[in-house]
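Asks: this is a predicted model, with the sequence first.
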Amino acid sequence: MTILRARGVVKSYGPTPALRGVTIDVAEGEILAVTGPSGCGKSTLLHCLAGILRPDAGEVTYGEHRLDTWPERMRARLRRTEFGVLFQFGQLVAELTAAENVALPLLLAGTGRREARTAAVAWLDRLGVAELADTRPGEMSGGQQQRCAVARALVTEPRVLFADEPTGALDSRTSEQLLGELTRVVRRQRTTVVLVTHDVQVAAYADREVALRDGEVDPTGLGLTAITGKHTR
Amino acid sequence: MKLTTLLRLALAGSRTDGIRVVLTAFSALLATVAILAALTVLAIPEIGDSVNNRYVNPLLDEHGLRGGTALTLVLLCIPILALAGQCARLGAPARDRRLAGFRLAGATPGQATLVAVAETGVAALLGVAAGLGAYFAARPLLDRPDAAGLRPLPTDVLPEPWQIAVVAVALPLVAALTAAVMLRRVVVGPLGVVRRARRTRPPLPWPGALIVLGLISFAAVIPVLRWYDARAQQPPFALVTTMGVGGALAATAGVILGTGWISYAMGGLLNRLSHRPAALLAARRLTSDPWQGARTFAALLACVIVGAGAAEMRGYFRIMRDLDVLAARRGGYEPQRDSFYLNSMDLVDIAIVVAVVIAAAGLVVAVGEGIVSRRRAYAALVASGVPRAVLARSILLQALVPILPSVVLALLVGMRLVGPLTGDEVANYGESAPFVHAWDTLAAYGALAVGAVLATVGVGLLLLRGSTAVEELRTG
Amino acid sequence: MSTAHVLLGLLAGGRLHGYELKRSHDQRLPLAKPVAFGQVYATLGRLQRDGLVTTAGQDQEGGPERTSFAITEAGRTRLDEWLAAVEPPAPHVTSTLFAKVAVAVLVDGAERARDYLVAQRAAHMARLRELTAVKTDPASTLGDVVAADFAILHLDADLRWVTNTLERVADLHREVHP
């Protein structure tokens, strides 16, 4: 069953077109990798699917809802409750402890302090960093920070997790650990994952791959517009 | 390093750096004008007995009052310096990265610091030059003797040339030295300045002791004067000034440093009382960097202290005038129409408002800088669904929660400083009345300070929308 | 090794003498080990026996190096099959990949090479996913994981080369067909 759908999504940053009409379907429960060289529009596609950005043209559908027509307020609520978001770095608030960072989405939803903290610590435990609950991000390593970020993205038990190069700043061993934990947890929760990466080894953790090039889907998966000069479909 | 290379490196920068240079130059301009004005007042020669009869305003005309006027003008430099200090922090992360780039290219740490100092020095030099230009251009323009030949401003007097030269040379040097001192803890390595979250010790309330000491020192001036008076001796000028000015400065420093403790304590209180996320964010930010409030609000609080003192003095003069009217009615003569003292208090008020405006400018810079430097974290929060309203509320709380108690403290300190001067009873021409605190003016100053903070936070929040745009999240 | 197929590919462009075949092989595949004369002639012998090449030309007395060889229809068919087939992804297939692409470009130009590379990449990706699953499986032993790592790294390298080559092939095509 398709949980997320994009149809002919177009998005430009000023005069630069980032997406030129992308159509993809994301099935529920799958881990989908979006790959391609830098500048091909992968992150922009992710932002459009997650409702962080509104496309200039085209449709983005989540379940039955048309995200591209929703106001920011409603999209923000969706991002708090049903979506989880994970970036390469810079997403934890430096002044809050790990547990407070993870509990933040719950607090925003109105959950009580104690309850939120319990849930936060449980998630940190699932990711193997329970002992860091009262440490600040600046006192942790990159890998540990990313695990806390994963915990924060998953604490609301979202239906879809959007990850943009989550291991980009980590070394290969730490990446492997993080991806291993992440896939284990999301498969158990049956969370759908859209994973943007330029690294083929990271893409191999997914069930399926969609390649982008120059703002369009590349069906050959090789990042190549047709040799004949016409666009292959 | 050749001078031209130094200049080229110092002035290489983005738009933020340009803004920093402009603001530094502007502060230098204001400081130059203020100091030159003070010097001009001091240069007015003493003609005649106690009055020159050359100027409209007795503040300039009477020999005894000129010192005070000059001092006030010099004191205006304090908020100007605070503004300059805030400006120096503008865009600091980008500048640090640039300096690190120089180091990577082979500059020594001393050379990297020199480049940063040179930028401040050049900006200050430009400002001083502009200030000199403004001063000399304004002199003939403002030279308007009225019908009686009295001038509103001392435009017929010029400070000694050597004094002007000293200002022109010393101000940029002082600016550069200050920049060097502020950078002494920043060791610019080739990899840049890495931010590690240090757990700072919570600030202790020892500034309270500083306040008390300052108040005592200031209050002791009058008994000391009386002591000397009783022995018909002239009190040593140095001693009296040190006690007076030193006491006032100590008390002010105590209030400013006390803001650190207040921020920390209020942060803890907020954390315990409110469970909303906006409050949590604000509380944590306050406890993890309590000195930020002290740095940001220093100039404003100094203005509030002075304002409170001025308010009390104004109340004192008002009562004096009322007594004067009473005495006149009793004695059957006309009371003095215009109270000189009350009029000069108007001027003092104007000076204070100007200082508050300058301090507020420094606030805008600080608040804006705080938001812009956190933009990646804010953008990530917005992307994960935190409403911008929650972020805005947290920024507002972070500013308001420490400022309210600090302003109250500053008002109280200002009142206590002036207390010994006003006494409990006011006596004039045989009439006496109890001294009443000028609550209305005090409240007005308090409201002005808090209003300035609210306004600057409001302006800073305008930056929030731009800072949380998704472009901040782009990694590639 | 697929020396046999490479020789077939070289002959697809026209008949060549035995000596020229050896030289052409080393020239086209400079990274492979230079093939020994003996191996060339032995392979030619097998190909001839299987009916995939024939001898042609007058100079039959002088030995294999002076004989000229030509590809047969059967040979062409076999070559086509080889070019269309995907190599099962494994660490040791790198040289075969390279040989195949070199020959494909030679024989049929960029279009053929591209089609092959597209298919090969899909196979590589599927294998990569399998190996990654082995790595994350809690039941895998250390030996399993180490072997999986080895294979993954080699396949990753292959894939990078595949992507690169496609860029170059596309450039070549644009060059030839502006």
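Replies: Looks like it came in fine. Numbering: from 1, shown residues only, chains lettered A, B, ... in the order given.
Asks: what about the residue of chain C most remote from its centre, distance to B:Pro236?
Replies: Largest separation from the mean C-alpha position in chain C: C:Pro138, at 37.7 Å (Cα atoms, centre = their mean). Noted for C:Pro138: a distance of 86 Å to B:Pro236, by Cβ to Cβ, to the nearest Å. (C-beta placed from N, C-alpha, C; glycine too.)
Asks: surely the residue farthest from the centre of chain C is in a helix?
Replies: No: the assignment for C:Pro138 (DSSP: H, G, I helix; E, B strand; the rest coil) gives coil, which keeps it out of a helix.
Asks: surely A:Pro17 touches A:Val10?
Replies: Yes: counting by Cβ atoms under 8 Å, A:Pro17 does reach A:Val10; the two are 7.3 Å apart.
Asks: one step back: got the phi/psi numbers for the residue farthest from the centre of chain C?
Replies: phi -70, psi -20 (degrees, to the nearest 10).
Asks: can you tell me how far it is from chain B?
Replies: Distance, C:Pro138 to chain B, using Cβ to the nearest Cβ, to the nearest Å: 30 Å.
Asks: off-centre distance for the lowest-mean-pLDDT helix or strand in chain A?
Replies: Counting by mean pLDDT, DSSP states H and E, the weakest-scoring helix or strand in chain A turns out to be helix A:72-81, with a mean of 85. On the basis of Cα atoms, centre = their mean, to the nearest Å, helix A:72-81 sits 15 Å off its chain's mean C-alpha point.
Asks: for the chain, what's the longest helix?
Replies: By default, I'm working from chain A. In terms of residue count, the longest helix belonging to chain A (DSSP state H) is helix A:172-189.
Asks: oops, chain C please
Replies: Criterion DSSP H: the longest helix present in chain C is helix C:142-176.
Asks: packing partners for that one?
Replies: Contacts defined by 3 or more Cβ pairs under 8 Å, 6 or more residues apart in numbering or on different chains; DSSP states H and E place helix C:142-176 against helix A:200-203, helix C:94-108, helix C:110-136.
Asks: what sits against the nearest residue to B:Ser27 once chain neighbours are set aside?
Replies: Nearest residue to B:Ser27, sequence neighbours excluded (Cβ to Cβ, 6 or more residues apart in numbering or on different chains): B:Ala84, at 3.9 Å. Going by Cβ atoms under 8 Å, 6 or more residues apart in numbering or on different chains, B:Ala84 touches B:23-24, B:27-28, B:31, B:175, B:178.
Asks: and which of those is nearest to C:Pro34?
Replies: Closest approach between those and C:Pro34, by Cβ to Cβ: B:Thr24, at 70.9 Å.
Asks: B:Ala88 reaches B:Thr24, doesn't it?
Replies: Yes: between B:Ala88 and B:Thr24 a contact is recorded at 7.0 Å, counting by Cβ under 8 Å.
Asks: what touches both of these two?
Replies: With Cβ under 8 Å, 6+ apart as the test, B:Ala88 and B:Thr24 both reach B:Thr120.
Asks: separation between the residue of chain B most remote from its centre and B:Leu326?
Replies: Each residue of chain B has a distance to the centre, and by Cα atoms, centre = their mean the biggest one is for B:Gly332: 47.2 Å. Distance, B:Gly332 to B:Leu326, by Cβ to Cβ: 12 Å.
Asks: once you drop chain neighbours, what's closest to B:Ala452?
Replies: B:Ala360 (4.2 Å).
Asks: where does the one you found land on pLDDT?
Replies: Looking at B:Ala360, its pLDDT reads 82.
Asks: pLDDT below threshold where in chain C?
Replies: C:1, C:30-32, C:57-65, C:172-178 (pLDDT under 70).
Asks: OK, now which residue of it is nearest to chain B?
Replies: In chain C, the residue that lies nearest chain B is C:Thr163 (17.6 Å; Cβ to the nearest Cβ).
Asks: what about that residue, how many residues nearby?
Replies: 17 (other Cβ atoms under 10 Å in any protein chain shown).
Asks: that one and C:Lys100: what is the separation?
Replies: 16 Å.
Asks: and B:Leu171, by the same measure?
Replies: For B:Leu171 relative to C:Lys100 (Cβ to Cβ), the value is 77 Å.
Asks: who has more neighbours, these two?
Replies: C:Lys100 (25 against 21).
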